[in-house]
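Asks: my questions are about this predicted structure, shown below with the sequence.
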Amino acid sequence: MTNPSPVSAQSEKFDYLIQNAVVFDGESYTPASVDVGILADKITEVGKLNSADAVHVIEGRGLPGGTQIVGIEAQL
């Protein structure tokens, strides 16, 4: 997985923000530590969302995610 480029989410307000999630993209064996922004039951941003604001913040350190696993937006 290539390192995600920083995302400017200063004005973004998410319903959920999962910080420091370990995400597997399914194309490489190396995971990336990224933030996942969820708005209206959809993943809307993935990257370093340091300045983003959210109603609910979840610390994802140590929790695995991926293209199949991060599909939790349908269950939140």
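Replies: That came through, no problem.
Asks: give the residue spans of the chain that score low on pLDDT.
Replies: 1-11, 64-76 (pLDDT under 70).
Asks: try it again with 50
Replies: 1-10, 70-75 (pLDDT under 50).
Asks: can you list contacts of stretch 53-64?
Replies: 12-22, 24, 31, 33, 35-37 (CB atoms under 8 Å, 6 or more residues apart in numbering). Using the backbone N, CA and C atoms, a C-beta is placed for each residue, glycine as well.
Asks: could you tell me which of those belong to strands?
Replies: 13-22, 24, 33, 35-37 (DSSP state E).
Asks: buried ones among those residues?
Replies: 14-22, 24, 35-37 (16 or more other CB atoms under 10 Å).
Asks: so can I have TSV of these showing distance to I43?
Replies: As requested, these are arranged in TSV below (distance: CB to CB, whole Å):
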residue	distance to I43
F14	10
D15	11
Y16	9
L17	11
I18	9
Q19	14
N20	16
A21	11
V22	15
F24	15
D35	11
V36	6
G37	7
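Asks: tell me the one of those residues nearest T44?
Replies: Nearest to T44 among those: G37, at 5.4 Å, using CB to CB.
Asks: partner strands of the strand or helix carrying V55, with direction?
Replies: Secondary structure from DSSP states H and E places V55 in strand 53-59. Take DSSP bridges as the rule and strand 53-59 pairs in its sheet with strand 13-24 (parallel).
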